[in-house]
Structures are given as structure tokens and as C-alpha cells.
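*Asks:* Starting from these lines, generate the structure:
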Amino acid sequence: MVEVPPSKGKRPRDYVTAYFRRILEEPDFLEGVRKMRAASGTWNVLPSPLNKMEWGDYLKPSNSAAKPWLKGTLLERFREAAESMPDNPEYKRTYGRA
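*Replies:* Down below sits the predicted model:
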């Protein structure tokens, strides 16, 4: 798989958003994704969604004029998903606040 860095027009948020869009439509999607090792050495990292045949409906073009990456229905779905999840049990221990 070829990685496309931000300097070449891809923004990390595009990948995060693509995964988020896909998971909303296919909740069990991540179960079949083969994790990889990041350049930093971190294991179990999600691969960049570059295959246009598989990811075309979830990725936005890098030259998109759209400014906000979360708005309208997508923003509402994001809020609903976030509210339905439990708090991270490590957050308070790490940052000292809830």
C-alpha cells in the first residue's frame, strides 16, 4: 500500500472521516480490516483508505472546496455516536479531570 502524506494533498482528517462514514454504514467493518505497523513503530494502526474502488464513496477529493469536515447530518450523526459511547476510563487518570 502506498501512503500519501499531507504534503501531497491528503489530510489525516480525510482518512479519519472516511473510516467514520464507513463505520456508520457498516458497523462491523473494522473486524475485517488488517491492521498494520505505523512508521513510528506503533502496531495495530488502521491502513490509509486509498483503494478508490472500495473507498470512493467515503473519501472526499483532496481539492474539495468544502471547508467544514463535519456539518449538517454528518455532524448530528457524529454527536449521536459520541454520546452513545462510554467515557474513556483512562481519561481522568491521565488528565486529572472528567
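
*Asks:* could you show me where the helices are in the protein, in order?
*Replies:* Listed in chain order, the helices of the chain (DSSP state H) span 12-25, 52-55, 72-84, 91-95.

*Asks:* how about the ones you listed, which one is nearest residue 65?
*Replies:* Closest approach to residue 65 among these is made by helix 12-25 (14.1 Å; Cβ to Cβ). Any C-beta I mention is one placed from the backbone N, CA and C, and that applies to glycine too.

*Asks:* Which positions in the closest one come out as buried?
*Replies:* Buried residues in helix 12-25, defined by neighbour count with 16 or more other Cβ atoms under 10 Å: 14, 15, 17, 18, 19, 20, 21, 22.

*Asks:* Next, the angle from that helix to helix 72-84.
*Replies:* 80 degrees (axes from the mean of the first three to the mean of the last three Cα atoms, to 10 degrees).

*Asks:* so what does helix 12-25 touch, helix or strand wise?
*Replies:* In terms of contacts (3 or more Cβ pairs under 8 Å, 6 or more residues apart in numbering; DSSP states H and E), helix 12-25 is packed against helix 72-84.
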